[in-house]
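K.L.:
everything below, folded, please.
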Amino acid sequence: MNADRQRVEQALLDAVRTPDAYLTEIASHLISAGGKRLRPVMTIVASRVGRDEPAVDEAVLGGISCELVHLGSLYHDDVMDEATTRRGVDTVNAKWGNLQAILAGDFLLARASEIAASLGTEVAGLLARTIGRLCEGQIEELRHTYNVARPVDSYLTSIDGKTASLYSTAARIGGIVAGHDRRTIDLLTDYGTAYGMVFQIVDDVLDLTATDAELGKPAGHDMEEGVYTLPVLHTLAAGGTAASELNAILGKPLDSVEREKVLAIVRSNGGIETAIARATWFVEDAERICDQLPKCAATDAMRAAASELLASVTR
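P.N.:
Next up, the predicted model:
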């Protein structure tokens, strides 16, 4: 897998290299800052299900098309959030300005689409639909900003679109380019969705439970921005004193004192545990899917990945 990761890193840098050194620098900024490359890894592992051999070049290309979509969305997210740091470096908008960040994000999406098109019409159409789903998921989140009555179903719909859909697509592309049968491709797609749901719920739990140093930003940043995630929504829905206190504080931007108070309430009233229980359902879905896939090292890795992700908030 290490060799495949190196192929991914080189292919990512190659994908954003242009005759314009200025654009190349901006487009490669977050690539150079590093990252886990989970989406390309998903594509490569999915392509290797049922076989013990290095990933085909098409799997690497499919994976980086998904990673470029992810990176492009981060460029746009940082503009919307007015973020100043990402992965330990200045954001593109902080370093070069909003206009450059938006255009560079568009460039990354365009390169992703170009690469997907080189893999065939099915992959091209799939990636285009996924970009649309990312937008739909983000809009669903935005329409409920500062809404203390946000339904849990709205949250689940949002993360299915803005996060899980890209993992689902990454896995499906791996199956397509490897020539897997349709049943296996559909199982891989469902696995990607389940994994992506776990990923986002865990990320939202960590936003409330990790320290500022661990996160690289203030804990509770989502609440500060008016984004009420699953632990918060479950605390609100449970009623009682905790819900009343939250309702009295939320619904508007928070100062640092209010943020710390809200964090204390959510951390101590069961909302986090309920969110983890929901994530556990998706881990179990992922494991059931793995039971139906060919027994091999890739399937074993997929099974372990979902449970290890959840373990990061249950240890």
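K.L.:
low pLDDT regions in the stretch 1-150 of the chain?
P.N.:
1 (pLDDT under 70).
K.L.:
if we use 80, what do you get?
P.N.:
1-4, 52 (pLDDT under 80).
K.L.:
now for the helix or strand harbouring residue 12, which elements pack on it?
P.N.:
Assigned by DSSP states H and E, residue 12 falls within helix 2-15. On a contact count with 3 or more CB pairs under 8 Å, 6 or more residues apart in numbering; DSSP states H and E, helix 2-15 meets helix 29-32, helix 38-47, helix 57-81. C-beta: built from backbone N, CA, C; applies to glycine.
K.L.:
nearest to residue 90, out of those?
P.N.:
Of all those, it is helix 29-32 that lies closest to residue 90, at 8.4 Å by CB to CB.
K.L.:
quick one, what contacts the closest residue to residue 34 other than its chain neighbours?
P.N.:
With CB to CB, 6 or more residues apart in numbering as the criterion, residue 34 has its nearest non-adjacent residue at 6.1 Å, and that residue is residue 87. Counting by CB atoms under 8 Å, 6 or more residues apart in numbering, residue 87 makes contact with 30, 33, 34, 35.
K.L.:
and which of these is nearest to residue 15?
P.N.:
The closest of these, once distances to residue 15 are taken by CB to CB, is residue 30, at 13.0 Å.
K.L.:
tell me if I'm right that the closest one and residue 73 touch.
P.N.:
No - here residue 30 lies out of contact with residue 73, judged by CB atoms under 8 Å, at a distance of 11.0 Å.
K.L.:
looking at these two, which one has more neighbours?
P.N.:
residue 30 (23 against 20; other CB atoms under 10 Å).
K.L.:
ok, which of the helices and strands packed on helix 2-15 comes nearest residue 299?
P.N.:
Per CB to CB, nearest to residue 299 of the helices and strands packed on helix 2-15: helix 38-47, 8.8 Å.
K.L.:
quick one on the thing from earlier: what's next to the helix holding residue 12, contact-wise?
P.N.:
28, 31-32, 37, 40-41, 44, 54-55, 60-61, 63-64, 67-68, 111, 115.
K.L.:
for that helix, buried residues please.
P.N.:
Neighbour counts over helix 2-15 (16 or more other CB atoms under 10 Å) mark 4, 7, 8, 9, 11, 12, 15 as buried.
K.L.:
now do the contacts for residue 299.
P.N.:
So residue 299 contacts 49, 290, 293 (CB under 8 Å, 6+ apart).
K.L.:
from residue 164, how far off is it?
P.N.:
Residue 299 sits 20 Å away from residue 164, going by CB to CB, to the nearest Å.
K.L.:
likewise for residue 181?
P.N.:
From residue 181 over to residue 164 (counting by CB to CB), the distance is 23 Å.
K.L.:
the more surrounded of those two?
P.N.:
residue 164 (23 against 10).
K.L.:
for the closest residue in space to the more buried one that isn't next to it in sequence, which residues are in contact?
P.N.:
Residue nearest to residue 164 in three dimensions, not counting chain neighbours: residue 196, with 2.9 Å by CB to CB, 6+ apart. For residue 196, the contact set (CB under 8 Å, 6+ apart) comprises 159, 160, 163, 164, 165, 166, 167, 168.
K.L.:
got a pLDDT number for residue 196?
P.N.:
On pLDDT, residue 196 comes in at 98.
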